[in-house]
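Novice: Got a predicted model here, sequence first, then my questions.
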Amino acid sequence: MDDVELWDLARRAPEPVRGEVVERLASDPAQRERVEALLAQPTPLRDDADGPRYEIVGLIGAGTQAEVYQARRLDLDRACALKVFRNASDPAFIERVRAEAGLMARVLSPHVVTVFDAGDLGDGRFFIEMALGAEPDVQGAPGSIALGRSLRAHVVERGPLPADEAARLVQPICAAVAAAHRVGVVHSDVKPENVLVLPVSRRAMLADFGIAASLAAPRAEGSPARVGTLTYLAPEQFEELLPPDASSDVYGLGGTLLFALSGKPPHPERCEDGSDPRGGAPLRVPASVPRSLAEIVLRALAPDPAARPSADDLAQALDAFLARRPTRWDLQRPGRRLNLFYQRHRVFLNLSLAGVVLAVSLGLGLLTTVVAKSGLEVRARNLSRHVAALDDDVLRLNGQKGTLETELARLRTERETVAGAEAREREGRLLAEKRASEADVQLTAATQLARETAGKLERAQATVTQLEASLADTKERVRSLERDVSARDADLRASAERYRTSVDGLRQHWDGEVARLRQDLARERETSAIVQRRLAEAERERSSAAQARAETRANLEGKLEVCRADRDDLRGQLDAVPSEPGRPKKRAPQATAP
């Protein structure tokens, strides 16, 4: 199961189990990571004033830069393909997206995927709306469609294709590339992955001009780089790092035709470092391929770009091969031209040769009979009559030649019709096998889920049985607890009654105590009030005493100052009185503090 099928199956599953579906059905962790990344991508819806413009139907494919969705444009009721790019923050990348849409729109060819619209989805991602590579599914439900797939997937499933089928698929791609070259556009990455094969008509279309370059645009200066896919690059691109051009597209066409004939790319062993174990030579064309077609492949894969034909010449050569006409290179070989002339007119030439051999045989027989039996006239006349009859038969056969050619043309038409019917039958059988394979995968997944669900159901049943036994045991314990609770309830009621009586007595006792305490508290409050009043009076008396003491002290200090002044005056007076001779001077008495 590829990424797209797994993504579609997971997207249809309920969201809670998507991760489990991806984990169980993914072939490896890398595929699981890729599908989970795709599921994480938001659904591309472009909202206009009238509502969403696109409805997503499914995922067609995913690459390194973008996803391609099958969608329906609601305003036009048209099926389409949406190519949604991831890297929308780089302005240069945005311009490249717009340029890709413009390049695809410039190429006018019925074998190039048509571009309808391009722009911004509204969430920062850019898109290109293209024609959906699909056709009505005649074997499916009414209105259903069958999607085309790449030439690579077609060859991988069926193996190398017959020469005519490979040429029929690649010839219109050559014409599409030639149409691109006529308007100055180089595809730059022609390979089987970019060739879309429609499921019913087997019509081939060229897609993905994602790295296309314009012949008129100037090349950006800087270090050169390889543009395209390594296994299909022309030698001048791989070895000399030259930019892509029309001749490199022709090389890609030759590699695509070689892949259709052999199932392998022209250079499967090339490496990113520029090495190639094969020395640059492409793979050989299988020996079963007709020489004319093998020469077309080899000319397209010529090492010298100048030796390669143009894409238009390549398309004409493949068309001539399919019609068994000589190509421009066969015109230089008379033997090849004679061989092709014989292939185109094989039936007519075989009939003519048979007539000539018959006529010669009859003539030789007649001559031998005449020489050997010259004496027998009767037998000679009989032989003459037989010869005349044979001549009449020859004339009749010549007359029936036109009728035979008409019948041959009718048979050829019927053969082509039968071949077309057989091809459609093979396609139907392959489609049925594919659907049967998908159904087997889905049935396997459903069977696995059913087995897991049955196992989970058995485990759940065992769990339910255990829970029922546990529930019965729990019920018995509950009944026992109810009996214990009833007995304890009676005891508690009796104890509560006793407690109530005790509480009533205690309440009366404490009520008396509380009344007494309230009386004591009232007396204490009265005593406290009296004490507060007395304290206030004592404070007032203390303040008055302090004030009186301060006044008394001030008076005493004033009197002390007066006494000191009087003492000083007296000392002065005593010092002024003369003393008698021989009589000691009296010392004034020392003043003492009162």
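Specialist: Cool, got the structure.
Novice: in stretch 259-274, what's buried?
Specialist: By 16 or more other Cβ atoms under 10 Å, the buried positions in stretch 259-274 come out as 259, 260, 261, 262, 263, 264, 265, 266, 267, 270. C-betas here are computed from N, CA, C, even on glycine.
Novice: can you list contacts of stretch 524-531?
Specialist: Taking contacts as Cβ atoms under 8 Å, 6 or more residues apart in numbering, no residue outside stretch 524-531 touches it.
Novice: Quick one: end-to-end distance for stretch 181-200.
Specialist: 29 Å (Cα to Cα, to the nearest Å).
Novice: what about it, average pLDDT?
Specialist: Averaged over stretch 181-200, pLDDT sits at 90.
Novice: what's the answer for stretch 513-527, then?
Specialist: For stretch 513-527, the mean per-residue pLDDT is 88.
Novice: Dump it to PDB, restricted to CA.
Specialist: Provided in PDB are the C-alpha atoms of stretch 513-527 (Å, rounded to 0.1, in the frame of the first residue of the first chain):
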ATOM      1  CA  GLU A 513     -22.600  28.900  86.900                       C
ATOM      2  CA  VAL A 514     -22.900  31.300  84.000                       C
ATOM      3  CA  ALA A 515     -25.500  33.400  85.900                       C
ATOM      4  CA  ARG A 516     -23.200  33.500  88.900                       C
ATOM      5  CA  LEU A 517     -20.200  34.400  86.700                       C
ATOM      6  CA  ARG A 518     -22.300  37.100  85.100                       C
ATOM      7  CA  GLN A 519     -23.100  38.600  88.600                       C
ATOM      8  CA  ASP A 520     -19.400  38.400  89.500                       C
ATOM      9  CA  LEU A 521     -18.500  40.000  86.200                       C
ATOM     10  CA  ALA A 522     -21.000  42.900  86.900                       C
ATOM     11  CA  ARG A 523     -19.500  43.400  90.300                       C
ATOM     12  CA  GLU A 524     -16.000  43.400  88.900                       C
ATOM     13  CA  ARG A 525     -17.100  45.900  86.300                       C
ATOM     14  CA  GLU A 526     -18.500  48.200  89.000                       C
ATOM     15  CA  THR A 527     -15.300  47.800  91.100                       C
END
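Novice: And the contacts of stretch 111-123?
Specialist: By Cβ under 8 Å, 6+ apart, stretch 111-123 touches 42, 44-47, 73, 80-81, 84, 88, 97-98, 101, 104-105, 126-131, 133, 172-173, 175-176, 179-180, 196, 203-207.
Novice: now do 7 Å
Specialist: 42, 44, 46-47, 80, 84, 97-98, 101, 104-105, 126-131, 133, 172-173, 175-176, 196, 204-207 (Cβ atoms under 7 Å, 6 or more residues apart in numbering).
Novice: which of those are buried?
Specialist: Among the contacts of stretch 111-123, those classed as buried by neighbour count (16+ other Cβ under 10 Å) are 44, 46, 80, 84, 97, 101, 104, 126-131, 133, 172-173, 175-176, 196, 204-207.
Novice: Could you list which of these belong to helices?
Specialist: Taking DSSP state H, the ones among those that sit in helices are 97, 101, 104, 172, 173, 175, 176.
Novice: With respect to residue 518, which of the residues you listed is nearest?
Specialist: residue 97 (96.1 Å; Cβ to Cβ).
Novice: I'd guessed that closest one sits against residue 104; true?
Specialist: No - counting by Cβ atoms under 7 Å, residue 97 stays clear of residue 104, with 11.1 Å between them.
Novice: picking up where we left off before, so which of the buried residues of stretch 259-274 comes closest to residue 484?
Specialist: Closest to residue 484, out of all of the buried residues of stretch 259-274 and judged by Cβ to Cβ, is residue 263, at 85.0 Å.
Novice: tell me the contacts of the closest one?
Specialist: 155, 159, 160.
Novice: Between the two ends of stretch 192-200, how far is it?
Specialist: First-to-last residue span, stretch 192-200, Cα to Cα: 19 Å.
Novice: cool, stretch 116-126 as well?
Specialist: Rule used - Cα to Cα; the end-to-end distance of stretch 116-126 is 14 Å.
Novice: List the buried residues for it?
Specialist: 118, 121, 125, 126.
Novice: ditto for stretch 298-317
Specialist: 299-302, 305, 308-317.
Novice: can you list the residues that contact stretch 155-173?
Specialist: Against stretch 155-173 from outside (Cβ under 7 Å, 6+ apart): 111, 151, 192, 195, 197, 204, 206, 253, 256-257, 259-263, 289-290, 293, 315, 318-319, 321-322.
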